[in-house]
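S.K.: quick one, what's the 3D model for this:
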Amino acid sequence: MNSYKNPLEERYSSEEMLYNFSPNNKFRNWRKLWIALAEIEKDLGLDISDEQIAQLKANADNIDYEKAAGYEKKFRHDVMAHVHTYGDDAPLAKGIIHLGATSAFVGDNTDLIQIRDGLLILRKHLVNVIKDLSDFAIRYKDLPTLGFTHYQPAQLTTVGKRATLWLQSLILDFEELEFFIETLRFRGVKGTTGTAASFLELFNGDYSKVKHLDQELSKRFGFDKVFGVSGQTYDRKIDAKVMALLSNIAQSAHKFTNDLRLLQNLKEIEEPFEKNQIGSSAMAYKRNPMRSERIGALAKFVMSLSSSSAMVAATQWFERTLDDSANKRLTIPQSFLAVDAILLIWNNIMNGIVVYENRIQKHIMEELPFMATEYIIMEEVKAGGDRQEIHEIIRVHSMEASRKVKEDGKENDLLERILNDSSLKMDKSKLMEVLDPKNFIGFAPIQTEEFIHNEVQPILDKYADLIGLKADLKV
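M.R.: Residues are numbered from 1 along each chain as shown. Okay, the predicted model is just below:
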């Protein structure tokens with residue numbers, strides 16, 4: 001307990017994402033890259049024996065981290081520390097490990113593998129949140145609720161239609177994530193400044209062999225495409241773009257939790273609250289939206305980190321500088337871990353979200369009479385009334401009803417006032433029929449159904465095998 005521990009590891013992120021960015025996964029990928037490099041170089045005619053490759057493979061997972069740390073302290077170079085550690089484990093192959101490569105061969109290619117695999121994990125989580133929101137939207141597509149603009153009561157919408165707005169943001173993020181996965185390229189083998197000069201020497205000027213090495217290596221690690229050009233490193237715009245994508249997901253999540261926290265204050269919709277959960281150490285009655293607040297906290301963190309990667313991309317010099325390295329070690333894994341946690345918490349919320357329909361109806365009826373005034377004016381004109389005179393009568397009644405609600409704390413009595421006003425000629429028996437909230441929700445149910453059918457269901461059908469996540473909180 002005397003050393004700092006990252007809360008993302010201890011409190012929030014999944015074991016799956018933690019492993020993806022773990023030292024073990026990172027350095028095992030380094031060794032896989034060295035093995036693949038040696039195998040392909042051998043196939044292309046370099047003097048590498050089967051015994052050397054066999055020894056590399058036999059020791060692929062035999063990583064002495066204490067020894068590697070000692071080498072790094074000596075060399076001040078992490079890649080060479082692991083080259084020597086691997087060479088000690090596989091002495092027959094010591095002379096051909098990392099042949100022709102530069103540090104970015106293992107560093108950058110592994111970063112791209114981890115980014116790709118991290119996005120695949122997030123895709124699974126996203127699909128499940130999309131499924132949760134889709135089910136919620138369909139379930140409540142016909143349930144009227146007050147709409148808000150400027151956080152002031154506006155025309156009615158439905159609970160389900162509002163959920164499609166949360167979904168719309170996530171669908172945009174999902175489409176961006178899909179595009180990123182499909183178009184992400186491997187760095188491959190490029191040499192110290194991107195010219196592959198070392199491989200020119202190894203293959204006696206045979207550029208076709210260098211191309212084959214580049215493409216074959218990329219395929220072995222699941223990449224269909226490889227960067228055609230690079231400096232020593234892949235373009236740091238890739239990092240900036242993936243961080244922007246993660247920021248976008250965080251933005252969508254934060255927007256959802258803003259709305260949910262406001263709705264929880266209105267006592268219309270609540271996130272789950274467990275039997276033994278405590279909202280406040282002082283106020284025993286409190287039901288604080290801690291899940292939503294946790295998402296908001298993590299989302300702010302992710303959004304703040306995206307600017308850091310943008311600055312790294314903007315300030316790289318020529319073929320490379322090392323002032324990206326420490327930044328990347330911090331920002332990229334932590335952003336993935338935080339978004340991983342955000343989506344798991346979101347899934348947890350949706351699996352226990354509570355809707356209080358009677359409370360929603362009560363709020364509607366507090367505001368609906370004001371929304372019906374335009375209809376009343378039109379009906380009075382049809383019955384022979386003067387539009388301007390009717391408008392003034394309704395305005396006076398509305399202002400007085402509003403005053404009583406705000407100043408006296410009374411119920412909205414606008415309808416009662418109108419029903420009892422003998423100067424109004426409309427058929428007042430129709431008034432209560434008109435005040436069915438479903439007459440004020442426009443095409444919300446149809447819009448919800450169409451959106452789910454056209455935009456959401458194709459995603460759910462395509463990734464049906466990913467659906468079924470029921471996330472729990474670590475703490």
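
S.K.: pLDDT-wise, which helix or strand of the protein ranks last?
M.R.: helix 431-434 (a mean of 76; mean pLDDT, DSSP states H and E).

S.K.: helices and strands around that helix, which ones?
M.R.: Contact partners of helix 431-434 among helices and strands, from 3 or more Cβ pairs under 8 Å, 6 or more residues apart in numbering; DSSP states H and E: helix 414-419. In short, each C-beta sits where N, CA and C put it, glycine included.

S.K.: for the helix it packs on, packing partners?
M.R.: Packing partners of helix 414-419 (3+ Cβ pairs under 8 Å, 6+ apart): helix 357-371, helix 387-407, helix 431-434.

S.K.: tilt between the second one and helix 357-371?
M.R.: Put plainly, it is helix 387-407. Here the directions of helix 387-407 and helix 357-371 differ by 140 degrees (axes from the mean of the first three to the mean of the last three Cα atoms, to 10 degrees).

S.K.: what are the boundaries of the strands in the chain?
M.R.: 144-149, 152-158, 269-270, 354-355 (DSSP state E).

S.K.: tilt between the first one and strand 152-158?
M.R.: Read it as strand 144-149. Counting by the same axes, to 10 degrees, strand 144-149 lies at 140 degrees to strand 152-158.

S.K.: now tell me what touches strand 144-149 from outside.
M.R.: 153-159, 162, 268, 360-361, 363-364, 367, 437-438, 440-441 (Cβ atoms under 8 Å, 6 or more residues apart in numbering).

S.K.: repeat that for the second one.
M.R.: Judged by Cβ under 8 Å, 6+ apart, the contacts made with strand 152-158 from elsewhere in the structure are 140-148, 364, 367-368, 371, 437, 440-442, 444-445, 448.

S.K.: drop anything exposed from these.
M.R.: Neighbour-count burial within the contacts of strand 152-158 applies to 140-141, 143-148, 364, 367-368, 371, 437, 440-441, 444-445, 448; the criterion is 16 or more other Cβ atoms under 10 Å.

S.K.: buried set for the least confident helix or strand of the chain?
M.R.: Buried residues in helix 431-434, counted by 16+ other Cβ under 10 Å: residue 431.

S.K.: distance-wise, check residue 156 relative to residue 149.
M.R.: According to Cβ to Cβ, to the nearest Å, residue 156 and residue 149 sit 12 Å apart.

S.K.: who's more crowded, those two?
M.R.: The residue with more neighbours, out of residue 156 and residue 149, is residue 156; 21 against 8, by other Cβ atoms under 10 Å.

S.K.: which of the helices and strands packed on helix 414-419 is buried the deepest?
M.R.: Mean neighbours per residue, mean count of other Cβ atoms under 10 Å, is largest over those for helix 357-371, with a mean of 16.

S.K.: run a quick neighbour tally on residue 182.
M.R.: Here the count is done by other Cβ under 10 Å, and residue 182 has 9 residues near it.

S.K.: err, residue 5, not the other one
M.R.: So residue 5, with other Cβ under 10 Å, has 9 neighbours.

S.K.: mind checking how far it is from residue 12?
M.R.: Distance from residue 5 to residue 12, by Cβ to Cβ: 12 Å.

S.K.: what's the domain layout of the chain?
M.R.: 9-16+104-276+283-355+455-466, 373-434 (automatic domain parsing).

S.K.: and these, which one averages the lowest pLDDT?
M.R.: Lowest mean pLDDT within the domains of the chain: domain 373-434, at a mean of 86.

S.K.: reformat the helices and strands packed on helix 414-419 as CSV; add distance to residue 322.
M.R.: Shown next, in CSV, are the helices and strands packed on helix 414-419 (distance: least, Cβ to Cβ, whole Å):
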stretch, distance to residue 322
helix 357-371, 57
helix 387-407, 63
helix 431-434, 71
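
S.K.: which of those helices sits closest to residue 18?
M.R.: helix 357-371 (39.9 Å; Cβ to Cβ).

S.K.: got the contact list for the closest one?
M.R.: 143-146, 153, 155-156, 159, 266-268, 398, 401-402, 405, 411-412, 414-415, 435, 437, 440.

S.K.: please repeat the previous calculation with a cut-off of 6 Å.
M.R.: For helix 357-371, contacts defined as Cβ atoms under 6 Å, 6 or more residues apart in numbering pick out 145, 146, 153, 267, 268, 412, 414, 415, 435, 437.

S.K.: if any of these are buried, give me the ChimeraX selection for them.
M.R.: The following ChimeraX line selects those of those that are buried, judged by 16+ other Cβ under 10 Å:
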select :145,146,153,268,412,414,415,435,437
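
S.K.: show me which of the contacts of helix 357-371 is closest to residue 346.
M.R.: Among the contacts of helix 357-371, residue 268 lies closest to residue 346 (Cβ to Cβ), at 18.9 Å.

S.K.: which of the domains of the chain is buried the deepest?
M.R.: Each of the domains of the chain was scored by mean neighbour count; the highest is domain 9-16+104-276+283-355+455-466, a mean of 19, by mean count of other Cβ under 10 Å.

S.K.: can you tell me the distance between the two ends of it?
M.R.: Using Cα to Cα, to the nearest Å, the end-to-end distance of domain 9-16+104-276+283-355+455-466 comes to 24 Å.

S.K.: hmm, who's touching the least confident helix or strand of the chain?
M.R.: Around helix 431-434, the neighbours that count as contacts under Cβ under 6 Å, 6+ apart are residue 375.

S.K.: so residue 261 touches residue 290, yeah?
M.R.: No. Assessed by Cβ atoms under 6 Å, residue 261 is found out of contact with residue 290, at 10.4 Å.

S.K.: who's in contact with stretch 310-322?
M.R.: By Cβ under 6 Å, 6+ apart, stretch 310-322 touches 193, 231, 232, 233, 236, 237, 240, 324, 327.

S.K.: ok, and the closest non-adjacent residue to residue 351?
M.R.: Nearest residue to residue 351, sequence neighbours excluded (Cβ to Cβ, 6 or more residues apart in numbering): residue 470, at 5.8 Å.

S.K.: list the contacts for residue 247?
M.R.: Neighbouring residues of residue 247 by Cβ under 6 Å, 6+ apart: 302, 303, 306.

S.K.: sorry, wrong one. I was asking about residue 110.
M.R.: 26, 29.

S.K.: I'd like to know how far it sits from residue 375.
M.R.: 65 Å.

S.K.: same check, this time on residue 296
M.R.: To residue 375, residue 296 is 40 Å away according to Cβ to Cβ.

S.K.: residue 394: what's it in contact with?
M.R.: 373, 377.

S.K.: if you set the cut-off to 10 Å instead, what comes out?
M.R.: For residue 394, the contacting residues are 370, 372, 373, 374, 376, 377, 380, 414, 417, 418, 421, 424, by Cβ atoms under 10 Å, 6 or more residues apart in numbering.

S.K.: for the first one, give me the pLDDT.
M.R.: Reading off the confidence values, residue 370 has pLDDT 85.

S.K.: thinking residue 289 is in contact with residue 267, fair?
M.R.: No. Using Cβ atoms under 10 Å, residue 289 is not in contact with residue 267; the gap is 11.9 Å.

S.K.: all helices for the stretch 151-300 of the chain, in order.
M.R.: Taking DSSP state H, counting those that start in this stretch as the test, the helices found in the stretch 151-300 of the chain are 159-183, 197-202, 207-220, 237-265, 290-314.

S.K.: now those in TSV, with distance to residue 82?
M.R.: Output for these, formatted as TSV (distance: least, Cβ to Cβ, whole Å):
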stretch	distance to residue 82
helix 159-183	28
helix 197-202	19
helix 207-220	18
helix 237-265	22
helix 290-314	24
